[in-house]
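K.L.:
output the structure for:
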Amino acid sequence: MENLELIGSNKTPTVHFNASTGILSLAGRSIPENSIEFYKPLLAWIEEYKSSQVEQTTLQIKLEYFNTSSSKCLLDLFKKLEAIGGKSTVEWFYENDDEDMLEAGEDYEAIVHVPFKMIGVENLQD
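P.N.:
Model (predicted):
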């Protein structure tokens, strides 16, 4: 299975979905003009990955900001991860002083049945 690599912009996150390691990463900002169109290939990739997944799948979220339409798409990603089953986890990175991002991660954790690990960092760019 091919990896999914998308270079981020000032409106879209960088995407690194690695089928062989099971590490799926989103980093940057998620404020695309059309969130559904941006996230459609990511959701399709996870659907295909489900048939050849590795033992441990980790979705790393390192977003400094996301808009309302992206929040629904993120939930869809988490639900796809939940459907994979097995050893799936979400690593939710947030800057230590960003209470809103921490709360957003906790809100998602309360909705889906996938373990979340909240990881506070000094700077998401590091």
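K.L.:
alpha carbons only for contacts and neighbour counts from here, please
P.N.:
OK.
K.L.:
ok, which stretches of this protein are strands?
P.N.:
Using DSSP state E, the strands of the chain run over 4-6, 14-18, 23-30, 56-66, 87-95, 116-121.
K.L.:
which one of those strands lies nearest to Lys72?
P.N.:
strand 56-66 (10.2 Å; CA to CA).
K.L.:
buried set for that closest one?
P.N.:
Neighbour-count burial for strand 56-66 flags Thr57, Thr58, Leu59, Gln60, Ile61, Lys62, Leu63, Glu64, Tyr65, Phe66 (criterion: 16 or more other CA atoms under 10 Å).
K.L.:
could you single out the nearest of those residues to Gly28?
P.N.:
Leu63 (4.8 Å).
K.L.:
so how far is the lengthiest helix in the chain off the chain centroid?
P.N.:
Longest helix in the chain by number of residues, with DSSP state H as the criterion: helix 68-84. Its chain's average C-alpha position is 8 Å from that of helix 68-84, according to CA atoms, centre = their mean, to the nearest Å.
K.L.:
show residues contacting it.
P.N.:
30-32, 35-36, 39, 42-43, 46-47, 50, 88, 108, 112-114 (CA atoms under 8 Å, 6 or more residues apart in numbering).
K.L.:
then that helix to CSV, C-alphas only?
P.N.:
Provided in CSV are the C-alpha atoms of helix 68-84 (Å, rounded to 0.1, in the frame of the first residue of the first chain):
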residue,chain,number,x,y,z
THR,A,68,-15.3,24.3,12.5
SER,A,69,-15.6,22.4,9.2
SER,A,70,-12.3,20.7,9.9
SER,A,71,-13.5,19.7,13.3
LYS,A,72,-16.2,17.5,11.8
CYS,A,73,-13.6,16.0,9.4
LEU,A,74,-11.3,15.2,12.3
LEU,A,75,-14.1,13.4,14.0
ASP,A,76,-14.7,11.4,10.9
LEU,A,77,-10.9,10.4,10.9
PHE,A,78,-11.2,9.3,14.6
LYS,A,79,-14.3,7.3,13.8
LYS,A,80,-12.4,5.6,10.9
LEU,A,81,-9.6,4.8,13.3
GLU,A,82,-12.2,3.5,15.8
ALA,A,83,-13.6,1.2,13.1
ILE,A,84,-10.1,-0.2,12.4
